[in-house]
Structure formats: structure tokens, C-alpha cells
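> my questions are about this predicted structure, shown below with the sequence.
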Amino acid sequence: MKGKITAVCISDTKGVRKTPCPSGVFLENYGMANDAHAERGINRQVSLLAVDSIERMKSMGLNVGPGDFAENLTVEGVELYTLLPGTRLAVGHEVILEISQIGKACHTGCAIFKEVGKCIMPKEGVFAKVVKGGEVRPNDPVEIIT
């Protein structure tokens with residue numbers, strides 16, 4: 001299954017939406033440089049969300065887009081939440097991510113949950129560790145490698 005990056009997003013504060021940016025530098029065993037969620041040695045260094053997941057929330061009447069669920073990478077063409085932990089993704093021309101967790105508890109006060117009574121992150125948000133670092137840009141390819 002091959003897809004592509006539709007957005008690279010960053011924030012300098014936890015608990016807020018991320019802002020799309022032209023590119024991101026991903027550091028081995030750390031996460032995205034200058035992102036609030038990056039931390040050495042943790043399992044949730046990078047967050048990913050599929051475009052299809054965002055589209056489902058739009059169909060419920062929400063005006064949302066890339067970064068609104070605090071994901072670092074918005075991906076088209078890969079059903080991310082069906083991947084198993086341990087699956088590796090080649091992202092762009094250098095980066096290798098390893099899926100470490102599918103879903104997470106929706107934190108207290110999640111703006112999306114408050115608005116519609118449902119959030120996609122608990123079941124469809126995907127988290128990964130950075131196995132090999134490098135730069136990622138929108139339109140870069142995403143491919144399952146193991």
C-alpha cells in the first residue's frame with residue numbers, strides 16, 4: 001500500500017492544534033524537531049492521521065483539516081489505523097517510522113469531543129517512533145516496508 005503526505009504539522013505547545021508547515025525534520029529516536037510532543041525514548045514520538053479520518057469528521061459537520069487533531073503527519077492513501085504495532089513506514093526519501101501505538105485516550109477537554117461528542121484519535125490516531133531521521137514534505141511518498 002502506497003500513499004503520500006498531504007501535510008506536515010507542528011506546534012510548540014501540547015494540547016493545541018498543530019499548524020501545517022512546509023517541511024519537518026524528524027530526528028532518530030526523538031520525533032519532529034521543535035515539536036512539543038517530541039521526546040527521546042518514548043513510544044509516541046510522531047503522530048499520524050489519515051485524510052479519510054478527517055473527512056469522516058467533516059461529514060459530521062466539523063470544519064477541520066490537517067493538524068486540527070494535533071497530528072504531525074496527515075497521510076493519504078494508507079489506512080493507518082489498520083496497521084499493527086511494529087509495522088515500518090518509509091516516509092519521504094529518508095525517514096523510517098515504526099508504528100508503536102494505535103489510538104489513545106481522548107484527553108480531558110478535547111475540543112473536538114466537546115463539539116460533536118466523538119473524536120477519531122482514540123481509534124484512528126496512529127503513533128510511531130523515528131527509526132531513521134530525515135526531512136519530510138507534503139507530497140512525499142509513504143510506503144509500508146514491513
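Cool, the structure landed. Residues are numbered from 1 along each chain as shown.
> so in the chain, which helix runs the longest?
helix 51-58 (DSSP state H).
> quick one: mean pLDDT for whichever helix or strand comes after it?
Remark: after helix 51-58, the chain's next helix or strand is strand 73-76, criterion DSSP states H and E. Here strand 73-76 scores 98 as its mean pLDDT.
> contacts for strand 73-76?
3-9, 24, 46-51, 54, 66-67, 91, 136, 142 (CB atoms under 8 Å, 6 or more residues apart in numbering). Bear in mind the C-beta positions are built from the backbone N, C-alpha and C, glycine included.
> inside strands: which ones of the residues you listed?
3-9, 24, 46-50, 91, 136, 142 (DSSP state E).
> from the residues you listed, which is closest to Thr82?
If you rank the ones in strands among the contacts of strand 73-76 by distance to Thr82 using CB to CB, Ala50 comes first, at 9.7 Å.
> re the thing from before, what is the nearest of the ones in strands among the contacts of strand 73-76 to Gly77?
Gly3 (2.9 Å).
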